[in-house]
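Enquirer: heads up, no residue letters with this:
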């Protein structure tokens, strides 16, 4: 008689299940990393655009969001003077996911700006 025994089939199925579980788990992990990278890239790009906007230095508000395009992203600005006279540090913190994730961008400006 030719063919496979029940034990051989069960072992082959167990090995296939283990490999399939590993592949699915790895794919899920890497998809979550891609999602996190997309969130961080979006936060960095909109934060950089806000920081480079010439009208942003004239705004007196220290907090806000990026509505209507990105309402889930919030920003907070802190301006501090450096040790060098006439030079300010502008720190823009972009937060998302109910402030659980944050990204900070720093820019140095003169007092005239």
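Expert: Arrived safely. Bear in mind the structure is a predicted one, so any value in this text is a computation, not a measurement.
Enquirer: With adjacent residues omitted, what lies nearest to the residue nearest to the spatial centre of the chain?
Expert: Centroid-nearest residue in the chain, with CA atoms, centre = their mean: residue 40, separated by 2.1 Å. Distances taken as CB to CB, 6 or more residues apart in numbering place residue 103 nearest to residue 40, at 6.3 Å, with adjacent residues excluded. C-beta coordinates here come from the backbone N, C-alpha and C atoms, glycine included.
Enquirer: which SS class is that neighbour?
Expert: Three-state assignment for residue 103 (DSSP: H, G, I helix; E, B strand; the rest coil): strand.
Enquirer: bridging residues for it?
Expert: Beta-bridge pairing for residue 103 (DSSP bridges): residue 94.
Enquirer: For residue 97, what are phi and psi?
Expert: The phi/psi pair for residue 97 (degrees, to the nearest 10) reads phi 60, psi 50.
Enquirer: Count the residues that sit near it.
Expert: 10 (other CB atoms under 10 Å).
Enquirer: ok now do it, which residues does it touch?
Expert: 39, 72 (CB atoms under 8 Å, 6 or more residues apart in numbering).
Enquirer: on contacts alone, who are the packing partners of the top strand by length along the chain?
Expert: Looking across the chain with DSSP state E, the single longest strand is strand 70-81. Judged by 3 or more CB pairs under 8 Å, 6 or more residues apart in numbering; DSSP states H and E, strand 70-81 is in contact with helix 6-52, strand 63-66, strand 87-96.
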